[in-house]
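K.L.:
Below are the sequence and a predicted model for it; my questions follow.
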Amino acid sequence: MNNGVGKKRPAAQQPSPVQEKHHATMEEEELDEDVFLDETLIDEESSILHDIEERRALARRLAKWARPPLSQSYSSQSQSIVFQQLEIDYIVGESSKDLLLNRTGPAAIIRIFGVTREGHSVCCHVHGFEPYFYIGCPSGMGPDDISHFHQSLERKMKETNRNNKVAQCIRRVELVQKRSIMYYQQQDYRPFLKIVVALPTMVATCRGILDRGMQIDGLGMQSFLTYESNVLFALRFMIDCNVVGGNWIEVPAGKYRSKVKNLSYCQLEFDCLYTDLISHIPEGEFSKMAPFRILSFDIECAGRKGLFPEPTHDPVIQVANLVTLQGENQPFVRNIMTLKSCSPIVGVDVMSFDSEREVLLAWRDFIREVDPDIIIGYNICKFDLPYLIQRAEALGITEFPILGRIRSSRVRVKDTTFSSRQYGTRESKEVTIEGRLQFDLLQAMQREYKLSSYSLNSVSAHFLGEQKEDVHHSIISDLQNGNAETRRRLAVYCLKDAYLPQRLLDKLMFIYNYVEMGRVTGGSEQGTFEGATVLEARAGFYEKPIATLDFASLYPSIMMAYNLCYCTLVTPEDFHKYNLPPECVNKTPSGEIFVKPELQKGILPEILEELLAARKRAKADLKEAKDPFEKAVLDGRQLALKISANSVYGFTGATVGQLPCIEISSSVTSYGRQMIEHTKKLVEEKFTVPGGYQHNAEVIYGDTDSVMVQFGVSTVEEAMNLGREAAQYISSTFIQPIKLEFEKIYYPYLLISKKRYAGLFWTNAAKFDKMDTKGIETVRRDNCLLVKNLVTECLHKILIDRDIPGAVQYVKNTISDLLMNRLDLSLLVITKGLTKTGDSYDVKAAHVELAERMRKRDAATAPNVGDRVPYVIIKAAKGSKAYEKSEDPIYVLENNIPIDPQYYLENQISKPLLRIFEPILKNASKELLQGSHTRSISISTPSNSGIMKFAKKQLTCIGCKALISGNDRTLCSHCKGREAELYCKAVDNLSELETLFGRLWTQCQECQGSLHQDVLCTSRDCPIFYRRKKAQKDMAEAKLQLERWNY
Amino acid sequence: MEAMDVDQEKKILHRKQSRYINMDEIFFAEKEPYRGQQYSQIYFARLHFLRTLLYSLVPNWKPHLPVCTILGLEEGKECIIVGTLYKHMKLKPVILDEYSKERSATPLFKPHNFRHPDDYLVLEDDSGRVKLDGGALLPPVYVTGVVVALLGKETGAGSFLVQDFLEAGLPPQIEKPLKPSEDKYVVFISHISAGSSASNPLLFQLFVDHITGHLGDEKEQRLEAEIVHVVIAGNSVEIPRGLLNGQNLASKDLSRLSEPIKELDIMLTQIAAGVSMDIMPGPNDPANFSLPQQPLHRCLFPGSAAYNTFNSCTNPHFFELDNIRFLGTAGQNIEDLEKYSEAKDKLEFMERTLRWRHLAPSAPNTLGCYPYTDRDPFLLESCPHVYFVGNQDKYETRLLNGSEGQVVRLICIPKFSETGIAIALNLRNLECHALSFEVQFSS
């Protein structure tokens, strides 16, 4: 959700909140960009009306979804308008003459979009708010000088903006008393000049002039440092009017004028003065959510064989839409627009059209009629929306892209690039739809969660616990070219893709969390920070309880305790100059000086206090809350407050943030380090045998804000008591509010190295809560499933079953299975994303090479750029390069190609395993990786290799593999006597495969939601995809094998 | 027969005979290969057969109502739809979980039964699906795979409000032969479980001796001579599966594997020498897993298979004795219904399968089954006179009367190794009684 901040038009670089985070790391500074309001409405209006005339039937179908009609009190303007704002931007237009009597010329008008409690859409034009910034006032400047200064600045501005129609660029220059936030100053306020300009873009121009310097009468050439000139206009407005993301705004009756001619499609569109707005604090009634309309949609395109769909060639064949009101759990609109006929779907409005033009226009009309406030989907920002618009362009449908709420404006696709240190340079497409927020679940997922795959399939498997049928894009065209039935099949699939984002949104409470984040932070959200390790980890397997002492909100507490702020920082020069008494300052371990609160209370500590107090309140309210929506709101809020409190430290440390201050951040970390060391010292001094305790305590590890202590006692309960005692004792030695808390026990605890550990987590002495692991290969993108399973199972055996020999045996069995070719292939599949084609990779990579080879085999099913390529490593000729050994798992299955067990042993499983076992076992490597279990190796014979064509097949005895001939079909004469036993074995093998076959294929039927249709799914992300394929093949073979007994 | 002339001084007892026809062909799957086919076809075949049947019943059931496909539903319009039920079950175990779920710290609770109050039914035909609402059709009673006709209408929310329903009902029954004048018995036994640590070999020996007429006085032997046929309804052996873990076996272990089968063969040889017998495979036997289970291979029984009285049969098993039709399974079909639906007793589950005209409706969904392409062998085209299931916890029996005069004897055969009970059914009147065996050690 966009928090309504920093929105620039039309080149808004951050239309979606998903990218909001990058604000902080953006290399380039953001600039306002003025958009001039075009008063002459384009003819589209009439052509749309004409269109609708033509398709009256469709219009009627859509009309029932319109928003509720306005009541009398709204239309007579006798009622205050209270709405929840979702988006704020500005346009440049003529000021309202009714509201501002003596204002002429173009001015910036703030535009707020929102929804009332009744579900009416609102577009509020706010007049009178002007862009401004500050400069320090040169000493000795009097009122006359200011007016001179004003005139010369105006002249300079005119020179730079020659073709500007604005009569007066610099509206006012005012003398104000303010103070800079930077550095401790003894005098309170000093004079600043507030420069008010006509248009937001002029802030930057003006700053440029002032930065470079200008001639001032009596003062000569002088350059100025500007203040707050980098605050975007919409944000400026929000700050000054106390508007925070997603809050409720009230415009009292009589203070607004309805537009004579509506510029938008909103039900309530009006002008008002910014001074008349009432911004409500999001509490009580105003912490609720308006009934937003959330549209979740998905499109299907018919791509050509082997190519990813391109808007210049490939038609849009289906668009599925679901509209849900915020707070309800079922969509109230479910429909699908299809190209060519499509059989009906129960509960879904199927609209079929003969031409693509009609499909696209129907969607546009649908958007207009349903008027969604938020548009969600999976990868819509980069794929679906740009595709629709570019497709309409390619087809020459000029009236299509009127999708926003503003009548006159067309939606366009912009190519944007953004660079950030974290993500490198990315190119992307971007579509801004005015008045409607876009929320792309893919981007949200990528940002919020670390997952091994971000396909909609694996994301829904992860969060919703269900697999999604995946239709390969090469089949889509076939389904489209079939009949109404096959298109229906596709439609059901498309609808599911539209439904899943909505369910993810609900399940993960994205709306609540984002709105709350916006409310708390006023919009911007900062990255978290990486803390430093302080105490070396003493690796080992600890079989006695380990108590964990945590600093609660360590960094914020330090900033509060030591009054660390921009305005309390004293430079060494100032320290001498002011001649401050040493008892009034703190010298931090990193050598900086900050004044104590008695002298000057810092702003950051104050903000932090407020944030933490608010969080405490939110948490208390959360405990009381009964209503699930209220709970969601409060939980989102306390989370947002926590993140905000932590980010206060974060933005002092970020080099490209709004206000970096390395002195603060290094002081914070140095205090943090000192505290951890202090804690270690105290624990190890106090909890000793001489000190009257049973054992000597030992600190085994200290992370950013926690210390792990082994008190030596053997029960969880004793360790808990000592932990509590230690926390209390050590807290008393710190300045308020720094507090050490005892939270949990790890028992047993496997410490591998810093930031890598696993243990059972206890918060009560009766039963452990869970198994907690950090930095261990349980989820990593580039590992095969085997590694994850192996590591998880071993940890389970070691920590929960306390069965180390069992874990060792398990590893040995698995390795033996691997070498004996008994493992399920899906465990060995490695997946990597194909980002570019082969040529543009500098170094040859296994998955790229494979994609290239697959393209040669069959271009239709080969992976394309953007797909994830699954592969296994196969046995190849000696001396082959690693990248030549990759192969398509399906191809491997079909042709019995041997995999390379040695590769998996050495490159995949050995490191993670040794990491776990080295603290536990002596000679772990020798024991696990070289034992007798590694002696026996079995390699399958490929069925497609050259030599096999010349081989003559001869029956061998099922019992002893000796060649048999003559009348024997099954067993050699030697094995005849063991017939019954051998048969039992064979039939048991068959029956196991049958069990698997049945379970796998019925699961796929379940997933696709149909019993009477064949499973088409080709989701390679699905854990049973390869199994299912293999079961089919194995079954056929086992059956043939068994038939040899029926001679 | 030699085994029968136990008392030469008095009078030679001759075992009675009856005419036996094995009708297992429909369950043979040996020639059915796996060609990459899926399960949709078997559902299609089932729906096609039962829909035709239900359509023919509709005019008598609700004469004036239109019949629709699911796609043809219109909101608020009352009509009849026919389709396959799908039961959405919250607790149904999902194979995906074994692959994708994080291993939880606490062992998973494995319920005996997967029913949940939130379960709901969906009706599917070859055009689409619709969720079912309303109290007429109870989710606890049904399982995925049952074909029914429903009367109701589509609601605004896109679901179908069921007002009434129609099941296929008992299939027609061939006329029972004229009442035979003499008593002849068929004996059913299941779960002998030779080789299992829980089974007592003496118990089975006692049973064999009884069948073969080596026990009791003349009166008793007279009764024993009236046994014309023995049916072993599955789980005759228990092979140590721990040995079969995919690893290569040492030859010592291999022979341990076949020990129980050898033991069984010796006993079966004694039976087959005296009376005609059928042996059906069950879930524990060395046979395939999917239904229909194919006959146990003759190579397992070198001794008994030599007799022409020895019949290795399929499971389900279908045969005729003196024109009386028998149909039975080793119990998997009923056991699976019990996991996914509820009834007051096992006999009720059996009754339902007859009414649904389908021996194993939950196959292939939760019960393993061969993916047939052109037919569904479990459809019941005619009603048996005797319907039995093996490997049950206790002996239960009831006579079921159909609306068209069908009379079916339902029998739950208990596990012999646990109860020592076998069942004897009199062909003359379809009455049956338990034969209870007990071994007591006096040491």
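P.N.:
That came through, no problem.
K.L.:
would you list every one of the strands in the stretch 1-150 of chain B?
P.N.:
Here the stretch 1-150 of chain B has its strands, by DSSP state E, counting those that start in this stretch, at B:20-22, B:67-68, B:79-88, B:120-124, B:129-133, B:147-154.
K.L.:
List the buried residues of the third one.
P.N.:
In terms of neighbour count (16 or more other C-beta atoms under 10 Å in any protein chain shown), strand B:79-88 has its buried residues at B:79-88. No exception for glycine: its C-beta is placed from N, CA and C like everyone else's.
K.L.:
of those, list those near chain A.
P.N.:
When contact is defined as C-beta under 8 Å from any C-beta of the partner chain, the buried residues of strand B:79-88 meet chain A at B:84, B:86.
K.L.:
Output the buried residues of strand B:79-88 as a markdown table; include the columns pLDDT.
P.N.:
Converted to a markdown table, these look like this (pLDDT from 0 to 100):
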| residue | pLDDT |
| --- | --- |
| B:Cys79 | 90 |
| B:Ile80 | 91 |
| B:Ile81 | 91 |
| B:Val82 | 92 |
| B:Gly83 | 92 |
| B:Thr84 | 92 |
| B:Leu85 | 92 |
| B:Tyr86 | 92 |
| B:Lys87 | 90 |
| B:His88 | 88 |
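K.L.:
mind checking pLDDT for A:Leu659?
P.N.:
Here the pLDDT value assigned to A:Leu659 is 68.
K.L.:
Centre of the chain to stretch B:321-341, how far?
P.N.:
Relative to its chain's centre, stretch B:321-341 lies at 2 Å (C-alpha atoms, centre = their mean, to the nearest Å).
K.L.:
wait, stretch B:317-332
P.N.:
Offset of stretch B:317-332 from its chain centre (C-alpha atoms, centre = their mean): 10 Å.
K.L.:
State the mean pLDDT of that stretch.
P.N.:
Mean per-residue pLDDT for stretch B:317-332: 92.
K.L.:
same thing with stretch A:642-649?
P.N.:
The pLDDT scores in stretch A:642-649 average 79.
K.L.:
mind checking how far it is from the chain centre?
P.N.:
That offset, for stretch A:642-649, works out to 18 Å (C-alpha atoms, centre = their mean).
K.L.:
Okay, helices next: where are they in the stretch 201-350 of chain B?
P.N.:
Secondary structure of the stretch 201-350 of chain B by DSSP state H, counting those that start in this stretch: the helices cover B:201-211, B:218-224, B:251-274, B:332-340, B:346-355.
K.L.:
again, but for the stretch 51-200 of chain B
P.N.:
Secondary structure of the stretch 51-200 of chain B (DSSP H, counting those that start in this stretch): helices at B:95-100.
K.L.:
which intervals of it have sub-threshold pLDDT?
P.N.:
B:97-111, B:178 (pLDDT under 70).
K.L.:
Near chain A, which residues of it are found?
P.N.:
B:70-73, B:84, B:86, B:94-96, B:99-100, B:102-103, B:105, B:124-130, B:144-145, B:154, B:157-159.
K.L.:
What residue in the stretch 201-350 of chain B comes nearest to chain A?
P.N.:
Relative to chain A, the nearest point of the stretch 201-350 of chain B is B:Phe289 (3.6 Å; C-beta to the nearest C-beta).
K.L.:
Let me see the contact set for the closest residue to A:Asp705 other than its chain neighbours.
P.N.:
Excluding its sequence neighbours, the residue lying closest to A:Asp705 (C-beta to C-beta, 6 or more residues apart in numbering or on different chains) is A:Leu554, at 3.9 Å. Applying C-beta atoms under 8 Å, 6 or more residues apart in numbering or on different chains to A:Leu554 gives the contacts A:672, A:675, A:704-705, A:738.
K.L.:
Now the two most distant members of those.
P.N.:
Within the contacts of A:Leu554, A:Thr704 and A:Ile738 form the most distant pair, 14.2 Å apart (C-beta to C-beta).
K.L.:
With neighbour numbers in mind, choose between the two.
P.N.:
Shown here are A:Thr704 and A:Ile738; by other C-beta atoms under 10 Å in any protein chain shown, A:Ile738 has more neighbours (22 against 19).
K.L.:
who's in contact with the more buried one?
P.N.:
With contact taken as C-beta under 8 Å, 6+ apart, A:Ile738 is in contact with A:551, A:554, A:557-558, A:561, A:675, A:731.
K.L.:
just A:Cys301 next, same as before
P.N.:
Contacts for A:Cys301 (C-beta under 8 Å, 6+ apart) come out as A:309, A:314-317, A:387, A:476.
K.L.:
what's the burial count for the closest residue to it other than its chain neighbours?
P.N.:
Excluding the flanking residues, the one nearest A:Cys301 by C-beta to C-beta, 6+ apart is A:Pro309, at 3.8 Å. A:Pro309: 23 surrounding residues under other C-beta under 10 Å.
K.L.:
ditto for the one 5 residues further on
P.N.:
By other C-beta under 10 Å, 20 other residues sit near A:Asp314.
K.L.:
Could you report the pLDDT at it?
P.N.:
A:Asp314 is assigned 88 on the pLDDT scale.
K.L.:
So it: helix, strand or coil?
P.N.:
coil (DSSP: H, G, I helix; E, B strand; the rest coil).
K.L.:
was I right about it contacting A:Glu300?
P.N.:
No - the criterion here is C-beta atoms under 8 Å, and A:Asp314 misses it with A:Glu300 at 10.3 Å.
K.L.:
pretty sure the residue nearest to A:Cys301 is touching A:Gly303, no?
P.N.:
Yes - if you go by C-beta under 8 Å, A:Pro309 and A:Gly303 touch, sitting 3.9 Å apart.
K.L.:
Nearest to chain A: which residue in the stretch 101-250 of chain B?
P.N.:
The stretch 101-250 of chain B approaches chain A most closely through B:Gly158 (2.2 Å), counting by C-beta to the nearest C-beta.
K.L.:
Check the burial of the residue nearest to that residue when sequence neighbours are not counted by counting its neighbours.
P.N.:
Nearest residue to B:Gly158, sequence neighbours excluded (C-beta to C-beta, 6+ apart): A:Gly347, at 2.2 Å. Residue crowding around A:Gly347 was assessed by other C-beta under 10 Å; the count is 20.
K.L.:
residues contacting A:Gly347?
P.N.:
A:Gly347 is in contact with A:334, B:130, B:157-159, counting by C-beta under 8 Å, 6+ apart.
K.L.:
Please produce a markdown table containing these, extended by distance to A:Asn242.
P.N.:
Below are these laid out as a markdown table (distance: C-beta to C-beta, whole Å):
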| residue | distance to A:Asn242 |
| --- | --- |
| A:Arg334 | 40 |
| B:Val130 | 52 |
| B:Ala157 | 43 |
| B:Gly158 | 45 |
| B:Ser159 | 48 |
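K.L.:
which SSE is A:Thr970 in?
P.N.:
Using DSSP states H and E, A:Thr970 is not contained in any helix or strand.
K.L.:
burial count for A:Lys744?
P.N.:
Counted with other C-beta under 10 Å, residues neighbouring A:Lys744 total 22.
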